[in-house]
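[1] Predicted structure and sequence below. I'll ask about it afterward.
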Amino acid sequence: MQARMTHPVKVLPDVMKALHALSKAAQSSAVPATTHHLIHLRASQINGCSVCVDMHSRELKDAGEKDERIWGVGAWRESSYFSDAERAALALAECVTRLADRSDAVPDDVWAEAARHYDEEALSALLVSISAINVWNRLNAAVQQPVGAAW
C-alpha cells in the first residue's frame, strides 16, 4: 500500500504540534498510561486504522502488557483480562468512536459506569484521549497511511 498523499501533519506542521499537544494534555495521572493505550488500540480497531493498531499494540507490548491483553482488546467484553475500570474506559471509547451508531451516542449506563471509576478530571482526560486518537485514525485512513512507512 502506498499513501495517497503526504500525510497532512507533514504538510501542515502546526497540526502535528497541535495534535501532539492535545495528546500530551490528555495524559493525566488520574488515568494509567496503559488505559490510554488500550482505548487508543480499541478505537483504532473500530476505525480500521492499521498504523495506529500496530503502534498502540507495540506500545502496550513495550509497556510490559501480556499478549493476551493486547490480543483480547477487540473482545474485551468476553475476556477476563481487563479490570472493571478498563472495561468502563473501553465502553466509553467505543461509544465516543461510534457516535452515529445509536440515537443516544453515549448511553447513561455507559457514562455512569465510567463515572463510577473515574472522577471528572479522569473522565476529561479519557474523552480528550479518545477524541485525539479518532483524529489520527481519520487522517491515516483518509490518506491510506501504510503501516511502517516513514513519515
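    Right, received. Where do you want to start? Numbers count the residues shown, from 1 in each chain.
[2] Val96 reaches Ser131, doesn't it?
    Yes. Using C-beta atoms under 8 Å, Val96 is in contact with Ser131, at 7.0 Å. (C-beta placed from N, C-alpha, C; glycine too.)
[3] More neighbours: these two, which one.
    Val96 (20 against 15; other C-beta atoms under 10 Å).
[4] Quick check: closest non-adjacent residue to the more buried one.
    Ile130 (4.6 Å; C-beta to C-beta, 6 or more residues apart in numbering).
[5] Please name the residues that touch that neighbour.
    Ile39, Ala43, Leu92, Ala93, Val96, Thr97 (C-beta atoms under 8 Å, 6 or more residues apart in numbering).
[6] Secondary structure element for the fifth one, which one?
    Meaning Val96. Using DSSP states H and E, Val96 sits within helix 84-97.
[7] Please apply the same query to the second one.
    When elements are assigned from DSSP H and E, Ala43 belongs to helix 33-47.
[8] other SSEs contacting that helix?
    Applying 3 or more C-beta pairs under 8 Å, 6 or more residues apart in numbering; DSSP states H and E, we find helix 33-47 packed against helix 50-62, helix 84-97, helix 120-143.
[9] Of all the residues in that helix, which ones are buried?
    34-47 (16 or more other C-beta atoms under 10 Å).
[10] Could you single out the nearest of the residues you listed to Gln144?
    Asn47 (13.0 Å; C-beta to C-beta).
[11] So for stretch 56-63, what gets flagged as buried?
    His56, Ser57, Glu59, Leu60.
[12] Among the residues you listed, which pair sits farthest apart?
    Applying C-beta to C-beta across the buried residues of stretch 56-63, the maximum distance is between Ser57 and Glu59, 7.3 Å.
[13] for Met16, what are its contacts?
    Val9, Lys10.
[14] List the residues that contact the residue most central in space within the chain.
    For the chain, the residue nearest the mean C-alpha position is His40 (1.8 Å; C-alpha atoms, centre = their mean). Residues near His40 by C-beta under 8 Å, 6+ apart: Cys52, His56, Glu59, Ser129, Ile133.
[15] Same check on Trp76?
    Arg42, Phe82, Glu86, Arg87, Leu90.
[16] quick one: which of those is nearest to Glu113?
    Arg87 (7.8 Å).
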